[in-house]
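Engineer: Sharing a model prediction with you, sequence too.
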Amino acid sequence: MSAGKIIAYIVAAILIFFGVLFIWSAFSPEGNPGNIITGGISAAIGLGLIWLAGRKKASDEQEVTMNIDLSGDVNLETMKCKSCGGTLTSENITLVAGAPMVECPYCGTEYQLTEEPKW
């Protein structure tokens with residue numbers, strides 16, 4: 001949570017607290033009926049601050065890029081399907097549950113891409 005949100009929540013709590021006190025004081029024997037308006041405005045501003053601070057901003061979103069490190073002898077331009085021998089491209093490789101999966105556009109075969117040791 002950012003420092004700005006924390007400060008907004010603290011200020012909102014203070015405004016709501018004093019708003020409730022003003023409303024409460026309006027019902028005392030010596031109370032001023034105008035305190036209801038003052039307390040209502042204070043509480044409304046506090047609730048508005050909570051609403052504004054709680055909104056998720058687009059700048060909080062992060063883009064995650066995952067790179068797949070294949071063995072040194074795999075060349076994507078010459079990669080062939082194990083079933084039919086059709087030429088595969090990088091669009092045919094997807095990441096499913098952390099494992100690279102290949103789907104052949106010609107025969108529809110799906111299999112996990114196995115990586116041979118690099119030595």
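Structural biologist: Yep, that arrived.
Engineer: Enumerate every residue touching the closest residue in space to residue 15 that isn't next to it in sequence.
Structural biologist: Excluding the flanking residues, the one nearest residue 15 by C-beta to C-beta, 6 or more residues apart in numbering is residue 46, at 3.4 Å. Quick note: C-beta positions are derived from backbone N, CA and C, even for glycine. With contact taken as C-beta atoms under 8 Å, 6 or more residues apart in numbering, residue 46 is in contact with 11, 12, 13, 14, 15, 16, 19.
Engineer: Give me the buried entries from the residues you listed.
Structural biologist: Among the contacts of residue 46, the ones that count as buried by 16 or more other C-beta atoms under 10 Å are 12, 15, 16, 19.
Engineer: Next SSE downstream of the lengthiest helix in the chain?
Structural biologist: Longest helix of the chain, by residue count under DSSP state H: helix 3-26. Per DSSP states H and E, the first helix or strand lying C-terminal to helix 3-26 is helix 34-54.
Engineer: where does residue 107 land in three-state SS?
Structural biologist: What DSSP: H, G, I helix; E, B strand; the rest coil gives for residue 107 is coil.
Engineer: before we move on, back to that, kindly format the C-alpha coordinates of the longest helix of the chain as CSV.
Structural biologist: Provided in CSV are the C-alpha atoms of helix 3-26 (Å, rounded to 0.1, in the frame of the first residue of the first chain):
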residue,chain,number,x,y,z
ALA,A,3,2.0,6.2,1.5
GLY,A,4,-0.7,8.3,-0.2
LYS,A,5,-3.3,5.7,0.5
ILE,A,6,-2.3,5.4,4.1
ILE,A,7,-2.5,9.1,4.7
ALA,A,8,-5.9,9.3,2.9
TYR,A,9,-7.3,6.5,5.2
ILE,A,10,-6.0,8.2,8.3
VAL,A,11,-7.4,11.6,7.3
ALA,A,12,-10.7,9.9,6.4
ALA,A,13,-10.9,8.2,9.8
ILE,A,14,-10.3,11.5,11.6
LEU,A,15,-13.0,13.3,9.5
ILE,A,16,-15.5,10.5,10.1
PHE,A,17,-14.7,10.5,13.8
PHE,A,18,-15.3,14.3,14.2
GLY,A,19,-18.4,14.1,11.9
VAL,A,20,-19.9,11.5,14.3
LEU,A,21,-19.0,13.7,17.3
PHE,A,22,-20.7,16.8,15.7
ILE,A,23,-23.8,14.8,14.9
TRP,A,24,-23.9,13.4,18.4
SER,A,25,-23.4,16.8,20.0
ALA,A,26,-26.5,18.1,18.1
